[in-house]
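> Return a 3D structure for these sequence lines:
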Amino acid sequence: YAEAEACYLKTLKINQEVHGAEHPSVAAILQELAKLCTSQRKSEEARLYQERATAIFQKSVEAAEKQAGAEEALTLELS
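Below is the predicted model:
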């Protein structure tokens with residue numbers, strides 16, 4: 001777990017430097033960190049990673065809606 005966490009944190013840092021802190025690729029890494037923390041029963045840390053990832057994804061969806069001029073809201077739900 002420690003090695004995996006170190007790799008995710010290194011990847012997170014690189015992605016933030018390359019893409020910025022609000023990029024969806026950063027959110028994807030945060031989600032993986034949340035899963036890793038959950039498997040280690042670090043629930044508070046997992047919650048924080050997941051909340052940050054969700055906020056980034058939400059901003060991304062809102063930006064896509066605004067850019068497309070969508071009349072209907074985009075969702076991440078599968079039908």
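> which other helices and strands contact the helix or strand K13 falls within?
When secondary structure is defined using DSSP states H and E, the element that contains K13 is helix 2-19. Under the contact criterion of 3 or more CB pairs under 8 Å, 6 or more residues apart in numbering; DSSP states H and E, helix 2-19 touches helix 24-39. Using the backbone N, CA and C atoms, a C-beta is placed for each residue, glycine as well.
> between the helix it packs on and helix 2-19, how many degrees?
Going by axes from the mean of the first three to the mean of the last three CA atoms, to 10 degrees, helix 24-39 is angled at 160 degrees with respect to helix 2-19.
> and helix 24-39, what other elements does it pack with?
Other helices and strands packing on helix 24-39, by 3+ CB pairs under 8 Å, 6+ apart, are helix 2-19, helix 43-68.
> Counting neighbours, which bits of the longest one end up buried?
By neighbour count on 16 or more other CB atoms under 10 Å, the buried set for helix 43-68 is E45, A46, Y49, Q50, R52, A53, I56, F57, S60, V61.
> Among these, which one sits closest to Y8?
Comparing these against Y8 with CB to CB places Y49 closest, at 9.5 Å.
> Let me know how buried the nearest residue to the closest one once chain neighbours are set aside is, in neighbour terms.
The shortest distance from Y49 to any residue that is not its chain neighbour, by CB to CB, 6 or more residues apart in numbering, is 3.9 Å, and that residue is A34. When counting by other CB atoms under 10 Å, one arrives at 22 neighbours for A34.
> Same check on the one 5 residues further on?
Each residue near S39 was counted by other CB under 10 Å, and the total is 11.
> List the contacts of the residue nearest to it when sequence neighbours are not counted.
Closest residue to S39 in three dimensions, ignoring its sequence neighbours and counting by CB to CB, 6+ apart: Y1, at 7.4 Å. Shown here is Y1, whose contacts under the criterion CB atoms under 8 Å, 6 or more residues apart in numbering are L36, S39, Q40.
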